[in-house]
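*Asks:* sequence unknown, structure follows:
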């Protein structure tokens, strides 16, 4: 095995351990209504205002599948280059909890709607393929709120019945960095597809993280622990690091690792045992007799395929081939659909190379500073395009452009107008420049003499002086040419 | 007309349509008789005042084009009725008042019928004698201290005693046909997917089916025509062409091939049942039908299969009754304690027994041996019927292995109680329609029923056969009104 620089290993004494990670991502399906009822799914509504009789499991109420959610799951499957199962089955996962009104969650156990697929990660030392085991549809539970009253628990059923896609990866991930890249890539694909907004703060994307360790070079998997319901990439990474080290310590200490479910305590930065394998729930899965097996036709799938937009991997390839971007630049620009849309809008009418540099450089830095998303950019794609054209046709210099850009960040102003109003237009009239240069040489006779006697380094000084006197507006290229002649 | 309650549904409809009777007169007659019949304990919840008001309102502006114009009717308390308590015969739903209406009952009200009240039944429809109801035993009007069958025992008692001109029940393993047989009435279990399950308290989702219970086949056909609709709110509802069963009813069954399955000749079957069956064969021959011996080889496995599948689904369906959202709650120290107390106190013994069985057969390590195997056998049972229907148009069997038994007689012997369903459960497992018609009496004078099983969606055919045989049998119920003082 060749040692590459991004390999993540845990060293203890003479032993090196590899970390094996698999993720079960729960992604909320973007849809107006729930998986089996017509209730709304909007985030942040008053508690228990988006609850139908079906969601609250009243006697005699029956689930009816939401076709839109099925389409969303299949689209996601297509985006993951996965096998779409024409026949899938909804099962009941039985357990008691106050925020689970039916006493069971409708999920897919044996026959999920989507089978094996893959996700390609762009890591610093090259690409890595992560296998997808399956994707299935299931209902979310409600929310129990324990801290509003010392004796009672409050239950909010707004989430009850909301459609989730559980996306299960193969145990192909080997480091916290790969987990970061995987989650981001998955989120990017789903945002491109419009199937999940990927908003981790609102709980639209959470994951159960399976972690095991093994001695480097070993083919056998170690005993794994599952860390439940981690809701940020940072916490996932911290939890993995803690958990992997905990397991290595146990092994080094000659102890066994118990297969168990653990919780990540974000305050103490540690994982804690939640329940052991012996205490694991027996969910008594069986096919939900209220729902017939879900069958979709080839036409149905083909129609959805035709609705799939260009996805990040294909877009990246196109950007590299068509626009001659570097893989690094392409990666950044395709990472989310809004950025790539912005980029493509800018280059419709302006130079690709300049546009790439300005977006990745100035724009991202400015947005970052103001903590804004690309969709909130004060500078529209059209105006950035204009600015780039002003640079390209020599109307303003790159330096002046930065001043104009700063003003544009204050509000969506037309760069043309800023240049005109502030008189920032580049001076490219040779006669005017000659007069300026003559004056500078005249004012610095001694330095001119020194230059002529061989101190060529002073050329830069003269350029600087000319730019200064012109207020930065002199066309640098012309200044160079004329200065050379005059000196 | 003094004997309003003696009239059949079809007669009442005709008399209201021809304005010989008003809805108020009819409703008042049934309400009065119901009030005099409290000893039968057929009702769990009475809604007489509202019924009389609705009848009055109907008479003010009668719509005589409807199929059930101003007809009063009590229904099994498993159907959710808007603003009227729905208990499923259980303490756990003792005070539950739905804000919604089941599709089947809505269909009935849409055709002009008026709700009189909710009829007693076994708790969550789990029982064959109505003895598991939290609201007490129901008396069979045939004789004192005789069970009316179950689970639709309040329904069968009320129809037989003429407290309601007609009613609806639900049938998961025989809960319409067996009580019909015990009370000398007619009960139809339609094809699975014919009547919507929306708004019916679920027992076993893959088996539950609502159906009509009536004094005669024609009334049964009329009600079936009203309640059977395709419903998008029930994913297992099937969109097929439904007949106007009462209009298309005919006694001409000449040349129909009727199968006699040899496996239904079970060990220890009373001679009077055997004789009844023979009589049934003769009647169908008299009607011009052709009798063909058939085999349904997996019949023996139907009962054990049913007692795995039904409890498995029930154990999950009843998980929602947890004291959290609605219904009965016993206070507890914590969530688990509350669950345990609520469900121990809220459910009766038979329901708890079936939840335990269901939980067991679905548990990991037992699932394959029980639930999965049962599903495979279920498929074989269905295949048996499919094979048989290549040769015959319908199948004739006894409805039950005995006549009605005494209250308390089988309470402590659940297996003997379960055996009551031996002829009816295969029909539910195969999702087929089956009808029970009264065909004779045993030595004690108690009614006995014959069952006609049809092909899926072929309700019209079994109704026709039943209609033809009904005339030949000319059954008369011996009801003495012993409970009216």
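*Replies:* Noted; the coordinates are in hand. Remember, it's a predicted structure, so these values are computed and weren't measured experimentally. Residues are numbered from 1 along each chain as shown, chains lettered A, B, ... in the order given.
*Asks:* near chain B, which residues of the stretch 201-350 of chain A?
*Replies:* A:282, A:284, A:285, A:286, A:289, A:290, A:291, A:292 (Cβ under 8 Å from any Cβ of the partner chain). Using the backbone N, CA and C atoms, a C-beta is placed for each residue, glycine as well.
*Asks:* look at residue 379 and give its secondary structure.
*Replies:* Answering for chain A, as no chain was given. Three-state call for residue A:379 (DSSP: H, G, I helix; E, B strand; the rest coil): coil.
*Asks:* kindly report the same for the one 3 residues further on.
*Replies:* For residue A:382, the assignment made with three-state DSSP gives helix.
*Asks:* re earlier: okay if I get the residues of the stretch 201-350 of chain A next to chain B as JSON lines plus neighbour count and pLDDT?
*Replies:* Formatted as JSON lines, these follow (neighbours: other Cβ atoms under 10 Å in any protein chain shown; pLDDT from 0 to 100):
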{"residue": "A:282", "neighbour count": "14", "pLDDT": "93"}
{"residue": "A:284", "neighbour count": "25", "pLDDT": "97"}
{"residue": "A:285", "neighbour count": "18", "pLDDT": "97"}
{"residue": "A:286", "neighbour count": "25", "pLDDT": "97"}
{"residue": "A:289", "neighbour count": "21", "pLDDT": "98"}
{"residue": "A:290", "neighbour count": "23", "pLDDT": "98"}
{"residue": "A:291", "neighbour count": "20", "pLDDT": "98"}
{"residue": "A:292", "neighbour count": "15", "pLDDT": "96"}
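*Asks:* narrow those residues to those in strands?
*Replies:* residue A:286 (DSSP state E).
*Asks:* dump the residues of the stretch 201-350 of chain A next to chain B to CSV, plus distance to residue B:222.
*Replies:* CSV is the format used below for those (distance: Cβ to Cβ, whole Å):
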residue, distance to residue B:222
A:282, 48
A:284, 42
A:285, 43
A:286, 38
A:289, 30
A:290, 29
A:291, 32
A:292, 30
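*Asks:* of the residues of the stretch 201-350 of chain A next to chain B, just say which sits nearest to residue B:17.
*Replies:* residue A:290 (39.2 Å; Cβ to Cβ).
*Asks:* where's residue A:165 relative to residue A:194, distance?
*Replies:* 13 Å (Cβ to Cβ, to the nearest Å).
*Asks:* ditto for residue B:355
*Replies:* Here the criterion is Cβ to Cβ. By it, residue B:355 lies 43 Å from residue A:194.
*Asks:* one more: residue A:443?
*Replies:* Separation of residue A:443 from residue A:194 (Cβ to Cβ): 64 Å.
*Asks:* which one's more surrounded, those two?
*Replies:* The residue with more neighbours, out of residue A:443 and residue A:194, is residue A:194; 14 against 11, by other Cβ atoms under 10 Å in any protein chain shown.
*Asks:* spit out the contact partners of that one.
*Replies:* By Cβ atoms under 8 Å, 6 or more residues apart in numbering or on different chains, the contact list for residue A:194 reads residue A:30.
*Asks:* how far away is it from residue A:30?
*Replies:* Residue A:194 is 6 Å from residue A:30, where distance means Cβ to Cβ.
*Asks:* stretch A:428-438: which residues count as buried?
*Replies:* By neighbour count on 16 or more other Cβ atoms under 10 Å in any protein chain shown, the buried set for stretch A:428-438 is A:433, A:436, A:437.
*Asks:* my bad, should have said stretch B:473-485
*Replies:* B:473, B:475, B:477, B:479, B:483.
*Asks:* mean confidence for that stretch?
*Replies:* Averaged across stretch B:473-485, the pLDDT comes to 94.
*Asks:* what is the end-to-end distance of it?
*Replies:* Taking Cα to Cα, to the nearest Å, stretch B:473-485 runs 32 Å from one end to the other.
*Asks:* repeat that for stretch A:445-460.
*Replies:* Using Cα to Cα, the distance between the terminal residues of stretch A:445-460 is 15 Å.
*Asks:* in the helix or strand where residue B:336 lies, which residues are buried?
*Replies:* Secondary structure from DSSP states H and E places residue B:336 in helix B:335-346. By neighbour count on 16+ other Cβ under 10 Å, the buried set for helix B:335-346 is B:335, B:338, B:339, B:341, B:342, B:343, B:346.
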